[in-house]
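**Q** structure of the sequence below:
(one chain, ligands or ions: 1)
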Amino acid sequence: MTNWKYTTDGDVAIITWDMEGRSMNVMTADVIRELDGHVDAVLADDSLKGAVITSAKNDMGGGVDLTMLAEIKATAAKEGGNVGEALFGFVWALHSLYRKIEVAGADPKTKKGGKVFAAATPGTALGGVFELLLACHRRFAADNEKAKLGLPETLVGLFPGAGGTTRLVRMLGVMGAADYLLQGKLVNPKKAKAGMLIDEVVPADELVAKAVEWVKGSSESDAVKPWDAKGYKIPGGAPYTPQGFPTFLGATAMTHGKTAGVYPQTNAMLSAVYEGALVDMDNALKIEARWFTSVLMDPRSAAMIRSLFVNKQAIEKGARRPDVPDAKVRKVGIIGAGMMGAGIGFVSARAGIDVVLVDRDQDAADKGYATIEGLLDEGVKRKKVTEDAKASILARVNATPDYDALKDCDLIVEAVFEDPKIKAEVTAKVEAVIADDAIFATNTSTLPITGLAEASVRPDNFIGIHFFSPVHKMMLVEIIKGEKTGDLAVAKALDFVRQIRKTPIVVNDARFFYANRCIIPYLNEAMIMVSEGVNPVLIENAAKQIGMPVAPLQLTDETSLELGHRIMAATKAQMGESYVGTGADDVITTLYEGEGRAGRKNGKGFYDYDEKGKRAALWPDLGKHFPVSEDQPDFEEVKNRLILSQVLEAVRAKEEGVLVDIREGDVGAILGWGFAPWSGGPMSWIDLTGPKEVVAICDALTEKFGDRFAAPALLREIADKGETFYGRFQPQQAAA
Ligand code: NAD
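**A** Residues are numbered from 1 along each chain as shown. Next up is the predicted model:
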């Protein structure tokens, strides 16, 4: 199979990437080998001045095929080879090819006689593909608003390790490159040009012609990159210069402040940048390749790639979808135009689905419509949405109190008040007008689906689709099967989530489903600690150090103490005598009932907020109600309490069959409530820590704090047998 086409236009070769049978090009071992051959052909052909590297697809390419990494490791391990060597071999092959393009046959001493390579990207170019662009002498991009350019590696546990880190720092300086490298910031072609990531934005139909024209008119000096020319200095200065020193110091401090040092890839990247800046280009690339290999060998990075790339994609592509024909949604009816309903309406209409937004009266429905309009206006203001797009999205929304308007909807999402009686009334009213095969979904956050389905005459078509707030920002959607939910309903829900480009997990019915069930014990554990006299600053910092993006007291403020109070009251009412109170109840009651502190929403919670709503310091009077004791606990113990409160609940969800697939448990935890992403999720965290070690921590915590830390039987069994979670449930991914 050929992946590239090689043609010529006079003295310019045109190397066009077009992988058969794929809508998007990706870097594979074959792609790299073939391109290497074509580059050799250009360099060996005296009649050529240079080449244009482009793509026949809408985009240049999505990056390196990361599934290949696991294959390289597995093959090396199976054949008894050295895994590190095998990985470095792959990394170095890519580096060598890109450097060959960059040097382009020039004499190593005089730098004369090199050919030129221009890159011409019709659309998106990410990761390893964008690094190919960086190796070229000039970069052209088609004027394509939808195109995304950049280096998102850090988001999946890697860093740009095919020369991208070294080249970008040499192009933009450490500070200039920081956002692209550390945050994986992606930009469209115009912004990329303004940021000097690319050289020219040209009309799409002139893309290759312009690049060819440039190669034809290029001069010898165009073939020499600035860092290969005499007297080159890194913008902003190298580490041991008066200007560069504070920059490097600042960048390191800033990065550690943001990441708490838990991400192996950012530490390795900083080292590659620092050490690389001290030497010439060839040595800098070697240093980068070695640090990159060390990241590939780090089990934390492997766990991140497994969850955030491989399994997230598998889930999005329908790993859990029942085998029924395409069930794409044409028209969705949303009942309840409040905060959630309007958000669901917005993401649906944006995805091209017709929306009927129903509320109790026209005013309430109009409010939902206005919320959608507001979100679009924000997009227009930030230049993410054009006025035309806004108009066509709004034209898809019919806001009305008239249930008859729902009659040709093939999916209903109910998002009215969290009251089973109201939900039952709405179910009956809707089912009276919709078709027999339409699916009815409820967005309830706490009420079991099986119970709500009792109000339905078609319980097999009844399902839970649980969104998180704010709907337009949160990527996870929980799909909940009631006892009687059928395959068509699951397929419909999954196809809907795919249409609106979010990530679904499919779980079975239980109180709080999966995500909320795990997050509540985390928030409670922090409040229990406050009630015990643990310093709140210690609690918040411990959470940051285990890699939680938002500390628990801060998160309680964000979701509101009022909600915490409501959940506490509802749980008490439902569990009756069997309810076991904890110190968290005292803290919630004291703050919310006693002091009227509802959280960010009323500007006072565990923290104080200024008039603009900006979080200030912890509430100084917290210590009056819950004095900080003189004897503070061991920091490790606080960290263990915070992480295990989440992890053990996830294991219980698996044990009870609420969670079916551990891949969903891991991906859902990271996307749903920000569970320490560096670990790849709760089950991956257990495997990384070692199940035996986790059980030992549980035993110690149980003795001190009680049964909530008791190791679930499933965990104990896995530990006793010397297994791991992935080893047992996903054996082919166990050695990720
Ligand atoms: P909300 O109060 O903002 O909106 C509810 C809307 O339902 C209101 O506009 C109300 O007028 C409308 N409504 C009430 N009775 C109705 C009826 N009989 N017919 C038509 N419309 C009716 O509430 P919300 O925060 O959007 O929550 C809605 C649902 O989503 C609840 O079940 C809630 O548990 C769930 N949920 C909320 C969140 C969250 O963070 N707020 C997250 C996930 C799920």
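**Q** ok, now how distant is the residue in the chain that the ligand sits nearest to from T247?
**A** As assessed by C-beta to the nearest ligand atom, the ligand sits closest to G338 within the chain, at 1.8 Å. (C-beta placed from N, C-alpha, C; glycine too.) Counting by C-beta to C-beta, to the nearest Å, the gap from G338 to T247 is 48 Å.
**Q** what is the burial count for D143?
**A** The local packing of D143 (other C-beta atoms under 10 Å) involves 17 other residues.
**Q** going forward, count from 32.
**A** In the new count, where the first residue is 32, that last one comes out as D174.
**Q** quick one, what contacts it?
**A** Contacts for D174 (C-beta atoms under 8 Å, 6 or more residues apart in numbering) come out as P220, K221, V232, V233, P234, A235.
**Q** does E686 touch R747 like I think?
**A** No - counting by C-beta atoms under 8 Å, E686 stays clear of R747, with 10.6 Å between them.
**Q** okay, the two: which has more neighbours?
**A** Between E686 and R747, counting by other C-beta under 10 Å, R747 is the more crowded of the two (18 against 14).
**Q** what about the more buried one, which helix or strand?
**A** Using DSSP states H and E, R747 sits in helix 744-751.
**Q** contacts for whichever helix or strand comes after that helix, please.
**A** Past helix 744-751, further along toward the C-terminus, the next helix or strand under DSSP H and E is helix 756-760. Contacting residues not belonging to helix 756-760 are listed as D692, I693, M714, S715, I717, D718, P722, I749, Q764, A765, A767 [C-beta under 8 Å, 6+ apart].
**Q** which parts of the least confident helix or strand in the chain by mean pLDDT are buried?
**A** Across the helices and strands of the chain, mean confidence by mean pLDDT, DSSP states H and E is lowest for helix 275-290: a mean of 85. Residues of helix 275-290 classed as buried by neighbour count (16 or more other C-beta atoms under 10 Å): G275, T278, F279, A282, T283, T286, T290.
**Q** show me what contacts H497?
**A** By C-beta under 8 Å, 6+ apart, the contact set of H497 is N474, T475, S476, V508, E509, I510, I511, F544, A546.
**Q** just checking, the last one touches S500?
**A** So the one you mean is A546. No - using C-beta under 8 Å, A546 makes no contact with S500, being 11.9 Å away.
**Q** tell me the mean pLDDT for the helix holding R747?
**A** For helix 744-751, mean pLDDT is 98.
**Q** stretch 99-109 now?
**A** Here stretch 99-109 scores 88 as its mean pLDDT.
**Q** still on that earlier bit, hmm, who's touching the helix holding R747?
**A** Under the contact criterion C-beta under 8 Å, 6+ apart, helix 744-751 has outside partners 679, 682, 685-686, 717, 722-723, 725-726, 729, 742, 755-756, 759.
**Q** let's see which of those end up in helices.
**A** Using DSSP state H to define helices, the subset of these located there is L679, V682, K685, E686, I717, P722, K723, V725, V726, C729, F756, R759.
**Q** any chance of these in JSON lines, with pLDDT and distance to E347 too?
**A** Below are the ones in helices among the contacts of helix 744-751 laid out as JSON lines (pLDDT from 0 to 100; distance: C-beta to C-beta, whole Å):
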{"residue": "L679", "pLDDT": "98", "distance to E347": "28"}
{"residue": "V682", "pLDDT": "98", "distance to E347": "25"}
{"residue": "K685", "pLDDT": "98", "distance to E347": "21"}
{"residue": "E686", "pLDDT": "98", "distance to E347": "26"}
{"residue": "I717", "pLDDT": "98", "distance to E347": "24"}
{"residue": "P722", "pLDDT": "98", "distance to E347": "29"}
{"residue": "K723", "pLDDT": "98", "distance to E347": "34"}
{"residue": "V725", "pLDDT": "98", "distance to E347": "29"}
{"residue": "V726", "pLDDT": "98", "distance to E347": "33"}
{"residue": "C729", "pLDDT": "98", "distance to E347": "33"}
{"residue": "F756", "pLDDT": "98", "distance to E347": "22"}
{"residue": "R759", "pLDDT": "97", "distance to E347": "24"}
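**Q** please convert the buried members of those into ChimeraX selection syntax.
**A** Typed into ChimeraX, the next command selects the buried ones out of the ones in helices among the contacts of helix 744-751 (criterion: 16+ other C-beta under 10 Å):
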select :679,682,685,717,722,725,726,729,756,759
